[in-house]
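Engineer: coordinates for the following, if possible.
(2 chains)
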There are 2 protein chains.
Amino acid sequence: METLILDGKLVAQAIKNELKEKTFILKRDKTITPGLALLLVGDNPASKVYVNSKAKSCEELGFMSIIFELPANTSEEKVLKIIDEWNNNPLIHGILVQLPLPKQISENKVIEAISPLKDVDGFHPINVGKLVLGLNGFVPCTPAGIIEIMKFYNINPSKKNVVVIGRSNIVGKPMLNLLYQKKEWSNATVTICHTGTENLHYYTQNADIVIAAMGYPQFLKSEHLKEGAVVIDVGINRIEDNSKKSGYRLVGDVDYDDCLPKCSAITPVPGGVGPLTIAMLMSNTFKSANSEIN
Amino acid sequence: METLILDGKLVAQAIKNELKEKTFILKRDKTITPGLALLLVGDNPASKVYVNSKAKSCEELGFMSIIFELPANTSEEKVLKIIDEWNNNPLIHGILVQLPLPKQISENKVIEAISPLKDVDGFHPINVGKLVLGLNGFVPCTPAGIIEIMKFYNINPSKKNVVVIGRSNIVGKPMLNLLYQKKEWSNATVTICHTGTENLHYYTQNADIVIAAMGYPQFLKSEHLKEGAVVIDVGINRIEDNSKKSGYRLVGDVDYDDCLPKCSAITPVPGGVGPLTIAMLMSNTFKSANSEIN
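Structural biologist: Below you'll find the model as predicted:
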């Protein structure tokens, strides 16, 4: 049986197409334009790329976006002041502070300063709590995107043995807490593995679905998997590659070539989970503009 | 090897003794008396027993407590008004609304109305989120008590295979989210099983520690366990027993007599996890009075 390559670009495009239509209607019928405010502190080149591509997606969908750039030595107070202004600006429905922040600024303080109703990243403790409790709140973009990939390809995690590797606040923890909920497209038996896990093989070799989000390039090998497993690769790592002009290439946390023949389905890197993250950010911003979150 | 019976009364007493001393010092040095406000709506006899025993524990430790009783037909508005008053009363450090509530009152609304800084049950979404994120907040009493039992008996879950059965907001979910944290007395590889789990045996038979919180009397049998497992029984169920005057007896979610010979350690019911729940409520109230939560 051939392995199904889960095409994240395709899924993201489908989501964005639908959002574009819904945005057109929202603007026409309610004269509301979804607005996303992006804050970038410092000059991390990767952060700049991310922020710009988020703004570009806004443009594609007919959203309003603003990018506010501040120098690396900006004070925490200044950042909190801007967030406060955005919290009170009715034209802004989503607020995103690009992480990481310079070390004089507390990430927790900044995240907690964002209004939970504009926290489109889903990082505010109250949204984290709502996700756990099964209440209506913002769901972090990457785990939400993974659920969308599964829906698109009709891979239902219900009653399946799912192993999540990694316990980050951004991916591992929300992915875990989404997947065991008594809801459609969840209801899985979920195990969370991490650096403290002994005998990782035992867990992954029995998993129907493995979600790799540990941040080690090409860590997951075919020997970790059972025949026919579904593999979702959240990693994005640069490794040296002299055959490339840039001198590097991007790989996931999964050894793709090694795992491919053993899987029933797998996400590539790039082009797998990645494109969904921005699509779900757009979806969260739209939901906020359309008052779907309360 | 003999099975270790994990004596929850003993652990709870040790915690309460320490709290009593610390309360004496808090009153003497800072003239602060920990205060717990208990709200009981309706006349559920079990709820009355719980509320009274919480007030009794307050008395034992030198806390101030008040019980406010309202009839079953009380409006949601009235309940929210009382909570608001308590939120603003500096003599009250902990607020507990005994669940379940009559159906005209939304439990979620009531829980979200309690100040997160007085939410000694740890049910407010912001405290749920803080627990997931590893931040300082109130931890729900039963899971916190289970960690205390493990500490007392030096059963360290770090790197162990832990299976939590049940996905309730009060036990299963917070237990899961506590146990995988990168912290002392956690760092376990945790699996959450529930009514959607197929082949429960597979998970439990490989577990070093099983935490049973599904609410089915005597469900877990020795055949579910591996030799030498640690079994924590959170269940409290009434079953018919004609040999008793009352006509019933209390049993857990674990078939105690059947499992005992196979375990290395087990909590009895009653006298296992139960006594810890109130002890941890007292601990949370003390922490609030002592400004340990922010």
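
Engineer: could I get the phi/psi values of A:Phe24?
Structural biologist: phi -60, psi -50 (degrees, to the nearest 10).

Engineer: look up phi and psi at the nearest residue to it once chain neighbours are set aside.
Structural biologist: Take A:Phe24 and drop its neighbours on the chain: the residue closest to it by CB to CB, 6 or more residues apart in numbering or on different chains is A:Gly62, 6.5 Å away. (Glycine included, C-beta is placed from N, CA and C.) Backbone torsions for A:Gly62, taken as degrees, to the nearest 10, come to phi 90, psi 20.

Engineer: run a quick neighbour tally on A:Gly62.
Structural biologist: Neighbourhood size, A:Gly62 [other CB atoms under 10 Å in any protein chain shown]: 16.

Engineer: what parts of chain A come near chain B?
Structural biologist: A:108, A:124-130, A:132-133, A:135, A:137, A:158-159, A:167, A:169, A:173, A:176-177, A:180-182, A:187-198, A:202-203, A:206 (CB under 8 Å from any CB of the partner chain).

Engineer: can you flag which of these belong to strands?
Structural biologist: In this view, the residues of chain A next to chain B that belong to strands under DSSP state E are A:Thr189, A:Val190, A:Thr191, A:Ile192, A:Cys193.

Engineer: for chain B, see how far away the residue nearest to A:Phe24 is.
Structural biologist: For A:Gly62, the distance to chain B (CB to the nearest CB, to the nearest Å) stands at 32 Å.

Engineer: dump the residue contacts of that residue.
Structural biologist: A:Lys20, A:Thr23, A:Phe24, A:Lys27, A:Thr33, A:Pro34 (CB atoms under 8 Å, 6 or more residues apart in numbering or on different chains).

Engineer: if we go to 10 Å?
Structural biologist: A:Leu19, A:Lys20, A:Glu21, A:Lys22, A:Thr23, A:Phe24, A:Leu26, A:Lys27, A:Thr33, A:Pro34 (CB atoms under 10 Å, 6 or more residues apart in numbering or on different chains).

Engineer: go on, A:Met150?
Structural biologist: Contacts of A:Met150 (CB under 10 Å, 6+ apart): A:Leu6, A:Val11, A:Asn156, A:Pro157, A:Leu179, A:Trp185, A:Ser186, A:Ile209, A:Val230, A:Ile232, A:Ala265.

Engineer: nearest to B:His224 among the ones in strands among the residues of chain A next to chain B?
Structural biologist: A:Thr189 (14.5 Å; CB to CB).

Engineer: may I have the phi/psi pair for the closest residue to that closest one other than its chain neighbours?
Structural biologist: Distances taken as CB to CB, 6+ apart place B:Thr197 nearest to A:Thr189, at 4.5 Å, with adjacent residues excluded. Torsion angles at B:Thr197 (phi, psi; degrees, to the nearest 10) stand at phi -80, psi 130.

Engineer: B:Thr197 and B:Val163: what is the separation?
Structural biologist: B:Thr197 sits at a distance of 10 Å from B:Val163 (criterion: CB to CB, to the nearest Å).

Engineer: the more surrounded of the two?
Structural biologist: More crowded of B:Thr197 and B:Val163, by other CB under 10 Å: B:Val163, with 28 against 25.

Engineer: on the three-state scheme, the more buried one is what?
Structural biologist: Classification of B:Val163 using DSSP: H, G, I helix; E, B strand; the rest coil returns strand.

Engineer: among the contacts of A:Met150, which are in strands?
Structural biologist: A:Ile209, A:Val230, A:Ile232, A:Ala265.

Engineer: what pairs with the third one across the strands?
Structural biologist: Listed by DSSP bridges, the beta-bridge partners for A:Ile232 are A:Ile211.

Engineer: who's in contact with it?
Structural biologist: A:6, A:8, A:145-146, A:149-150, A:155, A:162, A:164, A:175, A:209-213, A:252-254, A:265-267, A:272-273.

Engineer: how about the second one?
Structural biologist: If a contact means CB under 10 Å, 6+ apart, then A:Val230 has A:3-4, A:6, A:149-150, A:153, A:155, A:157, A:160, A:162, A:207-211, A:263-267 as its contacts.

Engineer: repeat that for 8 Å
Structural biologist: A:Ile155, A:Asp208, A:Ile209, A:Val210, A:Cys263, A:Ser264, A:Ala265, A:Ile266.

Engineer: may I have the host helix or strand of A:Ala144 as CSV, with CA atoms only?
Structural biologist: For A:Ala144, the element it lies in under DSSP states H and E is helix A:141-152. Provided in CSV are the C-alpha atoms of helix A:141-152 (Å, rounded to 0.1, in the frame of the first residue of the first chain):
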residue,chain,number,x,y,z
CYS,A,141,-2.5,27.4,16.0
THR,A,142,-0.2,24.4,15.4
PRO,A,143,-2.2,21.8,17.3
ALA,A,144,-5.4,23.2,15.8
GLY,A,145,-3.8,22.9,12.3
ILE,A,146,-2.9,19.2,13.0
ILE,A,147,-6.5,18.5,13.8
GLU,A,148,-7.4,20.2,10.5
ILE,A,149,-5.0,18.0,8.5
MET,A,150,-6.5,14.9,10.2
LYS,A,151,-10.1,16.1,9.3
PHE,A,152,-9.1,16.8,5.7
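
Engineer: any idea of the mean pLDDT in that helix?
Structural biologist: In this model, helix A:141-152 carries a mean pLDDT of 98.

Engineer: so for it, what gets flagged as buried?
Structural biologist: Neighbour counts over helix A:141-152 (16 or more other CB atoms under 10 Å in any protein chain shown) mark A:Cys141, A:Thr142, A:Pro143, A:Ala144, A:Gly145, A:Ile146, A:Ile147, A:Glu148, A:Ile149, A:Met150, A:Phe152 as buried.

Engineer: look up how far chain B lies from the first one.
Structural biologist: Distance, A:Cys141 to chain B, by CB to the nearest CB: 17 Å.

Engineer: now do the contacts for that residue.
Structural biologist: By CB under 8 Å, 6+ apart, the neighbours of A:Cys141 are A:Val120, A:Asp121, A:Gly122, A:Leu276, A:Thr277, A:Ile278, A:Met280, A:Leu281, A:Asn284.
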